[in-house]
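In: Below are the sequence and a predicted model for it; my questions follow.
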Amino acid sequence: MNSTHYSPLIFELSRPGRKGYSLPASPWGDAFSVDGLPQTLKRTAPLSLLPEADELTVARHYTNMSNNNFGVDTGFYPLGSCTMKYNPKINEELAALPAFTELHPAQDDDCSQGSLRLYDELQKALSEIGGMSRFTLNPYAGAHGELTGLMLIRAYHLDRGDTKRTKILIPDTAHGTNPASAAVCGLQVVEVKSTPQGTVDLDSLSELLGDDVAGMMMTNPNTLGLFETQIPAISKMVHACGGLMYYDGANLNPCLGVCRPGDMGFDVMHINLHKTFSTPHGGGGPGAGPVGVRAGLECYLPNPQVEFDAATGLYRQVFNPKGLGQITPHLGNFAILIRAYAYILSLGSEGMAEAGTMAVLNANYIRERLKDFYDLPIDDVPCKHEFVFDGLREEYGGAHHDASHIRTLEVAKRLLDFGFHAPTIYFPLLYHEAMMIEPTETESLETLDRFIEVMKQIAKEAHDTPELLHTAPHTTPVRLPDDVKAVKDAKFTYTPPQPQ
Amino acid sequence: MKYIPHTTEDIRQMLAVIGVDKVEDLYAEVPEELKLKQPLGIPSAQSEIEVRRIVGEMAAQNKVLVPFAGAGSYDHYTPSLIPYITSRSEFSTSYTPYQAEISQGTLAYIFEYQTMMARLTGMDISNASMYDGATATAEAMLMMVAASKRRKKVLVSSTLLPEVRQVVQTYAHYHGVEVHVIGHQDGVTDRAEITAALSGGDVAGVIVAQPNRFGIVEDLTGLADEVHAAGALLAVNAVASTLAVLRSPGEWGADIACGDAQSLGLPLNFGGPYIGYMCVKKALVRKMPGRLVGETTDADGRRCFVLTMQAREQHIRREKATSNICTAQGIMCLWVAIYLSLMGPEGLKEVNDQSYAAAHSLHDALVNTGLFAEAFPGKPFVNEFTLRFLGEEGVPALRQRMAKAGFLAGVVTEGEPDCITFAATERRTPDEVQRFLRLIQQ
């Protein structure tokens, strides 16, 4: 990334008559033309507002635009709960093999055996990693997986004729998608309080349990990066009242090869392949959110499912009548599944465990070295893959209530000046100045050390030259965009300047 | 180990700083009974050479057929520039653009995408993508119900693709929406049935398809007025590419345009990733699911872009959000933006013109064999059409025989087991059509 802002939009580079494509001369003769469609069905609105540009102009435009952007390949990306690990390039290359990309989803199974086999192999590997019996790989993203998992929980209860379970328990530290997914699924959200130590309050939980509870959604480690050590007891309590336990896989990375949601008592879980399994985030997708279930719940997984038919030796797509329904037309974001499968092959059993533990080592190392500068509310147990600071320590301008107060937002913006992405900020909602740092396992000690030195320097600046933080960032392509204006004078599309 | 840089010495040094002896100590609080006692039962680490071999062998087990089929997945040509640009890691390895200062690349291409989709669909505002056409349609249904406040019924035409209706039904079932499926007359949505259903005064919205699952372009004249008069909203699920030549949802008076934009140069990819689009009239923007990018200025007065109207979204509103959607199809917006930039209005028209000619040539040639009859005679179509197979071998045997010969002979039409819905794009050649015909007649 460079600090020079490349600013044109493709519409401004458009010139009438320019062409960026080539098609063969139509080999179909003059017998048929789309102009032959009935007049009432034809478009009359002009298309002329779409750009007209030559290929080099387009190539340069988007290449220059990419220089305004920051990715994992650009620099350290300690964005908490997002697991911004390195995205291996061989995975990209394999996903681009024509025998995968040119496969039409309506092809009969006999002709798609390789893809169906990959689906099944990945399904099995994820089941082993998660301690589950079976996975569907169809959900398109983490939130889509949550929705699928919650539908599955409802399908399970309804199948037993139990129609009164309309409540879902969700800790106050949960990701925002948890309550939102529950609402889309028609469930009523009941918030479970955390203890001052940041884990689920068992007393608060027990008061909420009853025969109207469909289940409980949790992530473990939780969003403070703390392992919920009471998880076996929590699972037992929820199971005892007839509910199911749902595991939000956003924080699965530190568990890899060390412990498994299935063994913690979870019945249903999702995995974000774009977090734990290294598929690129793509500036907000496409990802994949496979959903796994323990033994006994497989029949509720969404359709289509992939099964191996031992009699014929072929993989088949099947539609289970008991399944919760279809949440995708086909087998999900298949090209993402290929990448995740290649990643699992590359790491293997031993690499998987090392990824989890090294992610935890990196997080604890940063936490230890910065806790004298930033406020660490909970420090009596090691964190897992991430941890949360509650802003700067008081001596560096945090927790002040006057003009000398330095906010987490300002620290985050100042970090950008040093070539680092900011941590996740103002989440979880437990703290006013939350700053959630997740380094992942793929970062070297030198990178961590440099980040630590910069974070210390920012703390010192907060004390010595606070103005530097109030006005940060200084070196980015643009500075301090006006969010209020974006809402007040809302513009969601380009409009050409009016001729004078 | 692959992708992990630490040496033994690095690890020793870091553990010393933390003040523990070994890495396992960092998991000291994890209950012992939860810890795995043996390695995961997955294969051990493979080198790049081996990974390439294993996955390559799987790819080789696929048999890619020449598709004379669409059904939501269209084999349009992808210009070479697109994968080159979209694989630039500045784009592909970035997260959702929360930090606007260092995400102007992502934000700018989404803004371009939003502009292009709004123009193509004839609507005011596009969001920054949904997962796919089916989930976009399901979200349109939820949105219509939310906008109506008290109404819980949505009319869904039976001429939407079966997979799309399935996904809509699933969302509706768990959210508590009543889906009333509208039948079809001669392959076209039964308007009389819509009129009857609207008279109850309890319908939140109506969803129709364009072109529909038989390939037919439906005449939606007067529909929007009728739906609006009943206090309901109209959503049109349209195949994005065809909007270059067909009357757009905006021109039909729709409140919501939703569907799949895979037809704008995205590879077939066995069904995904595709990209769902959702465009609305201005009045509905606060009910819209998904990310929205807006234009603003920075501290130096320069034009820039930010994620905006986030008060609708899950990370702010939690259970009161308009949707649970978070990660959607990010980089596929870039894919579409580059495609439309290269093709321009002329290219997009030409793609449709050639697809139209290919499909109509195929249609007439198939009917001329005497083995097929029009399922819905005389109905207008662009690049997809439905024929009844008259041959004795039956549809499944025919499709299998053609697959052996390397062709995907359409898709079996839902509810019409002796019918096939075929499609053709600008990638098909007269030679392919001739071979296809010869094989069919054997």
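Out: Nice, thanks for sending it over.
In: Pull the contacting residues for the residue of the stretch 301-450 of chain A found nearest chain B.
Out: Residue nearest to chain B within the stretch 301-450 of chain A (CB to the nearest CB): residue A:330, separated by 2.8 Å. Where you see a C-beta, it was placed from the backbone N, CA and C, and this is true even at glycine. With contacts taken as CB atoms under 8 Å, 6 or more residues apart in numbering or on different chains, residue A:330 has the following neighbours: A:105, A:138, A:304, B:163, B:270-272.
In: what's the neighbour count on residue 282?
Out: Let's take chain A. Neighbouring residues of residue A:282 were enumerated by other CB atoms under 10 Å in any protein chain shown; the total is 30.
In: switch to chain B, that's the one I care about
Out: Other residues lying near residue B:282 total 11 when counted by other CB under 10 Å.
In: so it makes contact with residue B:124?
Out: Yes. The pair formed by residue B:282 and residue B:124 meets the contact definition of CB atoms under 8 Å, at 4.4 Å.
In: longest helix of chain A?
Out: Determined from DSSP state H, the single longest helix within chain A is helix A:334-370.
In: so residue A:468 touches residue A:414, yeah?
Out: Yes. Taking contacts as CB under 8 Å, residue A:468 lies within contact range of residue A:414: 7.1 Å.
In: ok, now how distant is residue B:140 from residue A:142?
Out: Counting by CB to CB, to the nearest Å, the gap between residue B:140 and residue A:142 amounts to 22 Å.
In: the more surrounded of these two?
Out: residue B:140 (31 against 27).
In: got the CA positions of the helix or strand where that one lies in PDB?
Out: For residue B:140, the host element (DSSP states H and E) is helix B:133-148. As requested, C-alpha coordinates have been extracted for helix B:133-148 and formatted as PDB (Å, rounded to 0.1, in the frame of the first residue of the first chain):
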ATOM      1  CA  GLY B 133     -29.600 -15.300  -5.900                       C
ATOM      2  CA  ALA B 134     -31.600 -17.700  -3.800                       C
ATOM      3  CA  THR B 135     -30.700 -16.200  -0.400                       C
ATOM      4  CA  ALA B 136     -31.100 -12.700  -1.900                       C
ATOM      5  CA  THR B 137     -34.600 -13.700  -2.800                       C
ATOM      6  CA  ALA B 138     -35.200 -15.100   0.700                       C
ATOM      7  CA  GLU B 139     -33.900 -11.800   2.200                       C
ATOM      8  CA  ALA B 140     -36.200  -9.900  -0.100                       C
ATOM      9  CA  MET B 141     -39.100 -11.800   1.300                       C
ATOM     10  CA  LEU B 142     -38.000 -11.100   4.900                       C
ATOM     11  CA  MET B 143     -37.600  -7.400   4.000                       C
ATOM     12  CA  MET B 144     -41.100  -7.200   2.500                       C
ATOM     13  CA  VAL B 145     -42.600  -8.700   5.600                       C
ATOM     14  CA  ALA B 146     -40.600  -6.400   7.800                       C
ATOM     15  CA  ALA B 147     -41.700  -3.400   5.700                       C
ATOM     16  CA  SER B 148     -45.300  -4.300   5.900                       C
END
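In: Point out the other helices and strands that that helix packs with.
Out: Counting contacts by 3 or more CB pairs under 8 Å, 6 or more residues apart in numbering or on different chains; DSSP states H and E, helix B:133-148 is packed against strand B:153-157, helix B:162-175, strand B:203-210, strand B:233-238, strand B:256-260, strand B:276-280.
In: Just the buried positions in it, please.
Out: Of the residues in helix B:133-148, those scored as buried under the neighbour-count criterion (16 or more other CB atoms under 10 Å in any protein chain shown) are B:133-145, B:147-148.
In: repeat for stretch A:150-166
Out: Buried residues in stretch A:150-166, counting neighbours by 16+ other CB under 10 Å, are found at A:150-158, A:165.
In: That stretch vs chain B: in contact?
Out: Yes. Using CB under 8 Å from any CB of the partner chain, stretch A:150-166 comes into contact with chain B via A:150-151, A:154.
In: for those, which one is nearest residue B:371?
Out: Taking CB to CB as the measure, residue A:151 is the one of the residues of stretch A:150-166 next to chain B closest to residue B:371, at 43.4 Å.
In: Wait, that closest one touches residue A:186, no?
Out: No. The criterion here is CB under 8 Å, and residue A:151 misses it with residue A:186 at 9.1 Å.
In: what sits against residue A:475?
Out: For residue A:475, the set of contacting residues under the criterion of CB under 8 Å, 6+ apart consists of A:3, A:416-417.
In: Quick check: of these, which lies closest to residue B:323?
Out: For the contacts of residue A:475, the residue nearest residue B:323 by CB to CB is residue A:416; the value is 29.4 Å.
In: Next, the contact list for that closest one, please.
Out: Contacts of residue A:416 were listed using CB under 8 Å, 6+ apart, and they are A:422, A:472-473, A:475-476, B:99, B:101-102.
In: Sketch out the low-pLDDT regions of chain B for me.
Out: For chain B, the stretches with pLDDT under 70 are B:1.
In: and the gap between the nearest residue to residue B:101 once chain neighbours are set aside and residue B:90?
Out: The shortest distance from residue B:101 to any residue that is not its chain neighbour, by CB to CB, 6 or more residues apart in numbering or on different chains, is 3.9 Å, and that residue is residue A:476. As for residue A:476, its distance to residue B:90 is 14 Å (criterion: CB to CB).
In: Looking at the two, which is more packed in?
Out: Applying other CB under 10 Å to residue A:476 and residue B:90 shows that residue A:476 carries more neighbours, namely 24 against 21.
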